[in-house]
Structures are given as C-alpha cells and as structure tokens.
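S.K.: build the 3D model from these lines:
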Amino acid sequence: MKRIVFLLEEDSMKVLLEGLLPRLMPNLTFQCLAHEGKQDLEKSVPRKLRAWQEPGVRFVVVRDQDGGDCREIKSTLTRLCRESGRKDVLVRVVCRELEAWYVGDTEALGRAFPGTRPNALRSLERSRFRNPDNVVHPSDAIANVIPEFQKRSGARRMAAVLSRENRSRSFQEFLRGIERLWTSMQAEPC
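M.R.: Below is the predicted model:
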C-alpha cells in the first residue's frame, strides 16, 4: 500500500495535518508520527528510516525553523536521512513556526476563532506581518489578538478552515512538495 509517513517535531503539527490533509488532498494516504521536539525528531529520524521496511512508503520530515538557519536545518535533516540509507525523503522546514501558516490566512483565523474582533485580525495583516514566514514568534502574535489561543486546540480549529490561499510561502512549498511526492508515488509500479 502506498502512503506517506510524516515524521514531525511536535503534536500540534500532527493535529493540524490529520485534519487538514484529508480536506485538501482527499486521496492522500498518510500517517503522522509526532516527536517531543527538535532533538527527539533528529535522534529518531535515522532509527525510524533504517528500521522501516514497509514497501510503498515514502517519508516527509517536518521541523520548525524557530531561530535557526533554514538552510542549515534542512541540510542537517537531509544528511540524517541519507546516512540512514534513504535518499528519497522529502524534508520541509516550517519558516519560523507552525503558527506562521495561521498568520498567513487571517480569514481562516477569524472562522476558527469567531469571537475575535475583526480589527484585531486586521492587525495581523499589517506590514510587519505581511510576510508571515518572517514573523519571529507568530504564536505570540496570535495569542496577543486571540487570548484563548492554544497550540494544540488552535491546530485542531485551523485544520478545519485553513485554505490554500495563504500568504505563507512555507505553507505553499509544503503543499506543493506533498502533491509532487504523492503524484510521483502514484506513477510508480506497485
């Protein structure tokens, strides 16, 4: 059976993807494995990739950039994948953190948190937030305008409403990468 296994830094990404991907890519078969942060993910990647022997499975490793250098993070994760004997792993680094994807779709934030004042949401569209991937702490920016925001419950709410029309380039690249991977997998013989 063909499927994609996502190796994720944290549980909130798992919650988001499990709700979002079936909506945006209904034919995608996948499994999400959350880790307890960056270090746990990086220790786990080589072990899991080496041990996983199931045919028809491809992997996607997803980690937040946080304050690190995006190219270095991607290079490190790619090296870990190669060292495990797998060269076909897709690595995606979420620019700054997952919540940048939410800042990139303020309309979805308004639907997910209907009690939020429209002016508060508009503040997330001002010039310093115009490129959500450059916002240093997007989760803090969201919490400032939506005090009840929590990472896990926020991911669940956003999974139901986040759209492809998103200002986050990181989000767009993530979706394009998954679509290309899945399309190439479908073209491979069983």
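
S.K.: care to break this protein down by domain?
M.R.: Domain segmentation of the chain under automatic domain parsing yields 3-96+167-187, 99-159.

S.K.: strands of this protein, start to end?
M.R.: 3-8, 30-34, 57-64, 90-94 (DSSP state E).

S.K.: let's have those in TSV, adding distance to residue 76 and mean neighbour count.
M.R.: Heads up, the C-betas are built off the backbone N, CA and C, glycines and all. Formatted as TSV, the strands of the chain follow (distance: least, Cβ to Cβ, whole Å; neighbours: other Cβ atoms under 10 Å):
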stretch	distance to residue 76	mean neighbour count
strand 3-8	14	20
strand 30-34	19	16
strand 57-64	9	22
strand 90-94	9	21
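
S.K.: now those in TSV, with mean pLDDT and distance to residue 155?
M.R.: Output for these, formatted as TSV (pLDDT from 0 to 100; distance: least, Cβ to Cβ, whole Å):
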stretch	mean pLDDT	distance to residue 155
strand 3-8	98	11
strand 30-34	98	11
strand 57-64	98	13
strand 90-94	98	12
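
S.K.: need these in TSV with distance to residue 137, can you?
M.R.: Converted to TSV, the strands of the chain look like this (distance: least, Cβ to Cβ, whole Å):
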stretch	distance to residue 137
strand 3-8	20
strand 30-34	21
strand 57-64	11
strand 90-94	13
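
S.K.: out of those, flag the one nearest residue 15.
M.R.: Among these, strand 30-34 comes nearest to residue 15, with 8.4 Å by Cβ to Cβ.
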